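J.: could you look at this predicted model? Sequence included:
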Amino acid sequence: MGRNMPIRTIYLDFPPSVNERWLGCGKNTHITKSTAAFELSSAYRIMSLRGQKKLPRAKITGPIALIIYLRPPDNHRRDIDNYIKAINDALTKGNVWDDDSQVKSFLPQWLKPDPSKKRGETIVTIIYGSEYNKIINEFDCIAAKYGAKSC
């Protein structure tokens with residue numbers, strides 16, 4: 001994949017659930033240690049990828065689609081949507097993009113736990129620019145089959 005290809009993949013730790021993201025209430029609300037640790041480890045991975053020229057130094061502009069693979073550390077029952085916010089916030093704080101409102105489409109999927117990855121992992125594929133336009137056109141064609149849009 002060339003350096004200017006508008007598809008990038010980032011490997012992160014398994015994120016904290018939105019249910020374990022905040023402590024306190026009102027003016028005393030703050031993020032938990034697990035959330036801070038996830039954001040810090042994500043920032044280090046992002047800096048490393050930029051240093052290796054595997055991620056643009058400049059923030060990604062325009063609309064973004066994400067494909068997110070979550071590999072939990074174990075087989076406990078989880079709601080997949082509870083993990084998306086932590087991932088988006090970590091990538092925003094890591095200056096991958098300006099704001100997670102740029103994410104217009106995402107597809108999260110579970111992977112089976114892997115005993116060799118005791119803490120789990122997250123694989124995020126970021127699609128932007130011309131590749132974003134291609135994938136959204138494909139989604140529109142699928143939606144057209146159900147009368148949602150025309151292809």
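T.: That came through, no problem. Residues are numbered from 1 along each chain as shown.
J.: what residues are up against residue 130?
T.: Residues in contact with residue 130, defined by Cβ atoms under 8 Å, 6 or more residues apart in numbering, are residue 6. Glycine gets a C-beta too; all of them are placed from N, C-alpha and C.
J.: hang on, it in a helix?
T.: Yes. With DSSP: H, G, I helix; E, B strand; the rest coil as the criterion, residue 130 is located in a helix.
J.: how far away is it from residue 63?
T.: Distance of residue 130 to residue 63, given as Cβ to Cβ, to the nearest Å: 12 Å.
J.: any stretches of this protein with poor pLDDT?
T.: Judged by pLDDT under 70, the chain has its weakly predicted residues at 1-5, 149-151.
J.: and the helices in it, which stretches?
T.: Per DSSP state H, the chain has helices spanning 33-51, 84-93, 129-144. These are given in chain order.
J.: ok, now how distant is residue 17 from residue 42?
T.: According to Cβ to Cβ, residue 17 and residue 42 sit 16 Å apart.
J.: out of the two, which sits in the more crowded spot?
T.: Ranked by neighbour count (other Cβ atoms under 10 Å), residue 17 and residue 42 place residue 42 first, with 25 against 16.
J.: so that one touches residue 13, yeah?
T.: Yes. With contact defined as Cβ atoms under 8 Å, residue 42 and residue 13 form a contacting pair (7.3 Å).
J.: quick one: which of the helices of the chain is nearest residue 116?
T.: Proximity to residue 116 (Cβ to Cβ) singles out helix 33-51 among these, at 18.2 Å.
J.: okay, the helices of the chain, which one's buried deepest?
T.: Counting by mean count of other Cβ atoms under 10 Å, helix 84-93 has the highest mean neighbour count of the helices of the chain, with a mean of 21.
J.: now it, how far from the chain's geometric center?
T.: The chain centre lies 6 Å from the centre of helix 84-93; the measure is Cα atoms, centre = their mean, to the nearest Å.
J.: perfect, that will be all.
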